[in-house]
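1. Output the structure for:
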Amino acid sequence: MFNSSLTVQALRVPGAILAMLIFFQPGLASASAPTDAEAARFLDQATFGPAPDLIAHVKAVGFDQFLNEQFTAPMTGYPDRIQYPSTAPVDCPSGSDCRRDNYTLYPLQNQFFVNALYGGDQLRQRVAFALHQIFVVSGSEVSMSGRMTPYLQALHRNAFGNYRQLLYEITLNPAMGVYLDMAGNVKGTPNENYAREVLQLFSIGLYRLNPNGTRQLNDQGQPIPAFDQNVINAFARVFTGWNFAAAQVTGVTNYVSPMVPTESRHDTAAKTLLRNVTLPALQNATKDLNDAIDNIFNDPNVGPFISKQLIEHLVMSNPSAAYIQRVSTVFDNNGLGVRGDLQAVVRAILLDADARSAMDGNPYRGHLTHPALFVAGFLRAFNPKSADGGTTSDGYLNPQIQTMGMDLFNPPSVFSYFSPSFGLPSQSPGTIGFTAPEFGIFNTSTALKRDNFINTMVFSKIAVSTNAPNGTSIDLSPLLPLANDFNGLMDTLNTLLLYGSMSAELRQSVIGAVQAVSTSNPLKRVRTAVYLVATSSQYQVER
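-> All right, here's what the predicted structure looks like:
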């Protein structure tokens with residue numbers, strides 16, 4: 001019998017043995033070959049959306065082998081950009097392409113969607129975007145593409161690495177240094193912003209947690225705080241003395257290199273951190289920083305806190321305590337004694353029985369697709385191309401998701417694009433039924449904008465313009481042979497868009513609408529079916 005403490009997530013073993021380990025691993029789904037619907041549902045969680053060829057591939061190789069391929073796939077990411085000074089030079093005037101490309105997030109927003117639509121490293125992108133929504137940096141403070149790029153590169157580089165290294169790199173990233181005021185932090189008047197948020201949002205949360213993510217309670221039944229103001233003050237002093245590295249180009253602030261310490265500005269007094277761990281006096285800035293990162297990294301809260309957030313972004317907004325604990329256990333030990341192995345954590349999340357279980361009517365099993373996922377997922381299903389169909393989309397899609405309440409890389413606060421604690425009301429007045437963060441930006445206006453986007457893509461296209469040199473369209477030609485085969489058309493859309501979850505009511509409603517379209521217009525029949533399925537609530541909520 002296999003040791004139940006072992007996890008397949010970090011084992012490097014032959015495929016046959018790996019399949020056996022998966023089968024016997026508690027909490028993991030069966031390794032049997034997936035159906036079309038199961039493959040599509042898996043891809044909804046592990047990529048920016050299923051496409052017909054990718055569904056066929058997952059069916060052929062299975063979930064685990066697909067993950068192995070994704071863990072080693074070449075990284076697309078974001079290429080290095082020229083660093084520009086804070087004040088635009090005279091040869092980069094207002095209204096020019098230079099100003100747009102270097103003093104706004106336009107090229108990064110476009111690159112995000114190009115990567116999401118066509119990149120082979122789909123899982124890395126999904127995880128990196130989830131990490132961006134946890135370790136938030138916003139264009140509200142870092143609006144230049146060259147300054148935001150190294151931060152995005154760090155997320156992609158560390159998406160399958162170790163959480164400790166990710167936390168270290170993000171702490172010293174200049175964009176984060178500006179966003180949460182660690183850059184230029186000095187002894188005597190230390191800024192608390194990064195100290196507070198690295199604890200509250202990036203690592204352990206507000207309350208002490210059990211391994212299953214539930215709050216620990218004191219003798220009075222009240223949650224136990226994970227830290228207090230004294231701990232925040234101590235971490236604020238840890239983070240003193242750090243600022244930008246030397247400029248690589250004269251007059252241009254260095255956002256590429258990690259921040260560096262100036263010892264004369266670092267507070268060297270003793271500091272008492274989490275769980276009463278005290279850093280001795282007279283340590284230098286680098287030693288203090290590394291000890292503080294270790295103090296955070298080894299806190300028992302990190303496993304359940306980070307695991308729960310990654311589950312929420314990839315699979316469902318209300319994971320069970322048992323699901324959280326299974327993943328948290330892998331965070332604490334990947335089976336080989338390694339803590340914080342994010343590749344192991346991601347594998348555990350996606351192969352868990354709760355992620356792979358059969359569809360049911362439980363409203364807790366899923367989440368509303370946020371606008372970036374909604375747009376990318378729909379386009380990926382129908383072979384996205386340029387407006388004329390001759391090449392690829394340019395990725396100029398942020399204006400589309402802006403109307404839906406999400407401005408890419410420009411979240412409104414350190415809590416990201418929507419509050420992670422936002423919930424839908426229950427049937428009992430004044431109480432929260434279940435957590436539903438994405439619904440925080442969903443209202444009558446943004447719901448209509450989603451429908452408008454589908455209408456544009458199905459019945460028209462995003463035309464070429466100054467900012468969209470290629471434009472964007474979809475290819476519905478593979479569906480045309482099914483225009484008069486109602487069941488075949490519904491079955492195809494059911495798999496591709498709803499991974500087999502289409503209700504009988506929706507199916508009959510769409511068939512009725514398609515039947516009302518003349519047989520002489522097969523394209524309109526197909527468009528009608530795609531529009532109605534893609535604007536349904538069943539499509540917009542991942543299950």
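2. Outside of the strand or helix carrying residue 107 itself, list whatever touches it.
-> If you go by DSSP states H and E, residue 107 is part of helix 106-118. With contacts defined as CB atoms under 8 Å, 6 or more residues apart in numbering, helix 106-118 is touched by 48, 76-79, 81, 100-101, 121-122, 125, 129, 145, 148-149, 152, 372, 375-376, 379-380, 384, 392-398, 408-409, 467. C-beta here means a position set from N, CA and C on the backbone, and glycine is covered the same way.
3. Filter those residues down to the buried ones and hand me the ChimeraX line.
-> To isolate the buried ones among these in ChimeraX, judged by 16 or more other CB atoms under 10 Å, type:
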select :48,76,77,78,81,100,101,121,122,125,129,145,148,149,152,372,375,376,379,380,384,393,394,395,396,397,398,408,409
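4. The contacts of helix 106-118 in helices, which ones?
-> Judged by DSSP state H, these include 100-101, 122, 125, 129, 145, 148-149, 152, 372, 375-376, 379-380, 398 as members of helices.
5. Tell me the one of the residues you listed nearest residue 219?
-> residue 129 (41.7 Å; CB to CB).
6. how close does that closest one get to residue 185?
-> Residue 129 is 28 Å from residue 185, where distance means CB to CB, to the nearest Å.
7. Then residue 163?
-> Residue 163 is 23 Å from residue 185, by CB to CB.
8. So which of those two has more stuff around it?
-> A direct count of neighbours by other CB atoms under 10 Å for residue 163 and residue 185 places residue 185 higher, at 27 against 22.
9. How about the contacts made by the more buried one?
-> With CB under 8 Å, 6+ apart, residue 185 has these contacts: 191, 194, 236, 239-242.
10. quick one: residue 411 and residue 141 touch, right?
-> No: Residue 411 is not in contact with residue 141 according to CB atoms under 8 Å; the separation is 10.9 Å.
11. Settle it for me: which of those two has more neighbours?
-> Using other CB under 10 Å, the more surrounded residue of residue 411 and residue 141 is residue 411, with 19 against 14.
12. Next, the more buried one: phi, psi?
-> Dihedral angles of residue 411 (phi, psi; degrees, to the nearest 10) stand at phi -60, psi 150.
13. Could you check the pLDDT of it?
-> pLDDT, residue 411: 97.
14. repeat for the one 5 residues further on
-> Here, the pLDDT recorded for residue 416 equals 95.
15. Likewise for residue 430?
-> For residue 430, the model assigns a pLDDT of 57.
16. ditto for residue 89
-> For residue 89, pLDDT reads 95.
17. Is it in a helix, a strand, or coil?
-> What DSSP: H, G, I helix; E, B strand; the rest coil gives for residue 89 is coil.
18. now residue 227
-> Going by three-state DSSP: residue 227 is coil.
19. mind listing what the closest residue to it other than its chain neighbours touches?
-> In space, residue 227 comes closest to residue 199 once its chain neighbours are excluded; the distance is 5.5 Å by CB to CB, 6 or more residues apart in numbering. Contact analysis of residue 199 by CB under 8 Å, 6+ apart lists 226-227, 231-232, 235, 274, 296.
20. Dump the residues you listed to a markdown table, plus distance to residue 463.
-> Shown next, in a markdown table, are the contacts of residue 199 (distance: CB to CB, whole Å):
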| residue | distance to residue 463 |
| --- | --- |
| 226 | 51 |
| 227 | 52 |
| 231 | 54 |
| 232 | 51 |
| 235 | 51 |
| 274 | 54 |
| 296 | 49 |
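21. Among those, name the ones in helices.
-> 231-232, 235, 296.
22. which one of the residues you listed has the most neighbours?
-> residue 235 (24 neighbours).
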